[in-house]
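**Q** Just a sequence and a predicted model for now, questions to come.
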Amino acid sequence: MSYATADALDQTFAALADPTRRSILSRLAEGEATVNEIAEPLPMSLPAVSRHLKVLERAGLIVRSRQAQWRPSRMQAEPLDEAIAWMQARKQTWERRMDRLDTHLRTQRRAR
């Protein structure tokens, strides 16, 4: 894994570590929304929501556009796909290790 890929993955996981940002992504998974629409159900100020959006944008998880005076945001799934691929690879490694341990333990029981 290259340094750039690892850095992008670090930013993705850091962005996803916050429950407010995960909530924002869940909202954006339904379709694009403005800051006001995103902030409506959240118990925080618009500037606080904007800071969360900037973190998500730096991680590449959202894209913000400009339409007149509005700046709608929409979710971008590619960084999530990369995180899922990384987690799947780790999961497969552990599953193979557990399978080998299971085989070893069964062999040991039969040898008794």
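**A** Received, thanks. Numbering: from 1, shown residues only.
**Q** pLDDT weak spots in the protein?
**A** For the chain, residues meeting the criterion pLDDT under 70 lie at 1-4.
**Q** Identify the single longest helix in it, thanks.
**A** helix 78-111 (DSSP state H).
**Q** other SSEs contacting that helix?
**A** Identification of packing neighbours for helix 78-111 by 3 or more CB pairs under 8 Å, 6 or more residues apart in numbering; DSSP states H and E yields helix 3-16. Heads up, the C-betas are built off the backbone N, CA and C, glycines and all.
**Q** Can you check what angle separates the longest helix of the chain from helix 3-16?
**A** Per axes from the mean of the first three to the mean of the last three CA atoms, to 10 degrees, the angle that helix 78-111 makes with helix 3-16 is 90 degrees.
**Q** Make sure Pro43 is indeed in a strand.
**A** No: counting by DSSP: H, G, I helix; E, B strand; the rest coil, one finds Pro43 to be coil, located in no strand.
**Q** phi, psi of it?
**A** phi -90, psi 60 (degrees, to the nearest 10).
**Q** With Trp70 instead?
**A** phi -90, psi 150.
**Q** Next, the contact list for it, please.
**A** Thr34 (CB atoms under 8 Å, 6 or more residues apart in numbering).
**Q** switch the cut-off to 10 Å
**A** Glu32, Ala33, Thr34, Val35, Asn36, Glu37 (CB atoms under 10 Å, 6 or more residues apart in numbering).
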